[in-house]
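Asker: Quick one: sequence plus predicted model below, questions after.
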Amino acid sequence: MTLHFSGVVLDLDGLLLDTERLQFEVGPAVLSSLGYDLEPTFFRSLVGIDRTESARLINLELGATIDTAELDRVWNEAMDDRMRDGIPLRPGVHDFLDALDQRSLPRAIATNSVTARAEWKLEHAGLLRRIDAVVGVDKVARGKPAPDVYLAAAKALGLEPSQCIALDDSDLGVRAAMAAGIDKVIQIPDLVMSKDLSAHHQVESLSDARTLLGI
């Protein structure tokens, strides 16, 4: 495939970082520590969703009024404890970034995580120096599935969305990238398979994405 893009916008959790599994493991324990119980399968519905919306859905499911800030604090503490010895990467991350380096293609992160939190995870995963810009949900008016983080990430690279490709694991992220006018959107589902099937391309791995893009 001939290259027809000038920059790459990447999701973070579930695409570059193998953290969705940790979220599924931590979530039930966090709620249990606050005196609540939810089926582990419920947490699949939170994939790609920002923490504020996640708290709303959790409260809705429980019929409770857990304070969002308190839930965020306890959740982050639990995740920090799990990531203390390092943050696992999804397969093929370094090879994919190497391919971008070889072609001098800039790349930005567009995530529903808070920017500082995203940068902390990238740093602890040894990836921050390989990323040109990080745009978290706190930098925009609306998180995914609104297009804001993808629009801001393209702008941070000095590009129009139509000059970029995007890679995301979740349907919410794909909707955001498509709404932003990203030229090609590639979905690589992690633990939750796509229901929308709306991405331009869906592949199984970053290696497959490299093959698709010819890089």
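Answerer: Happy to help now that I have it.
Asker: Buried ones in the lowest-mean-pLDDT helix or strand in the chain, by neighbour count?
Answerer: Between all helices and strands in the chain, the lowest mean by mean pLDDT, DSSP states H and E belongs to helix 20-33, at a mean of 83. Residues of helix 20-33 classed as buried: E20, L22, Q23, F24, V26, G27, P28, V30, L31 (neighbour count, 16 or more other C-beta atoms under 10 Å). Bear in mind the C-beta positions are built from the backbone N, C-alpha and C, glycine included.
Asker: hey, where'd the helices end up in this protein?
Answerer: 20-33, 51-62, 68-82, 93-102, 115-124, 148-156, 171-180, 206-213 (DSSP state H).
Asker: Output the last one as PDB, nothing but the C-alphas.
Answerer: Put plainly, it is helix 206-213. Provided in PDB are the C-alpha atoms of helix 206-213 (Å, rounded to 0.1, in the frame of the first residue of the first chain):
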ATOM      1  CA  LEU A 206       0.200  -3.800  15.100                       C
ATOM      2  CA  SER A 207       2.200  -6.100  12.900                       C
ATOM      3  CA  ASP A 208      -0.900  -6.500  10.700                       C
ATOM      4  CA  ALA A 209      -1.300  -2.700  10.700                       C
ATOM      5  CA  ARG A 210       2.300  -2.300   9.400                       C
ATOM      6  CA  THR A 211       1.600  -4.800   6.600                       C
ATOM      7  CA  LEU A 212      -1.600  -3.000   5.700                       C
ATOM      8  CA  LEU A 213       0.200   0.400   5.600                       C
END
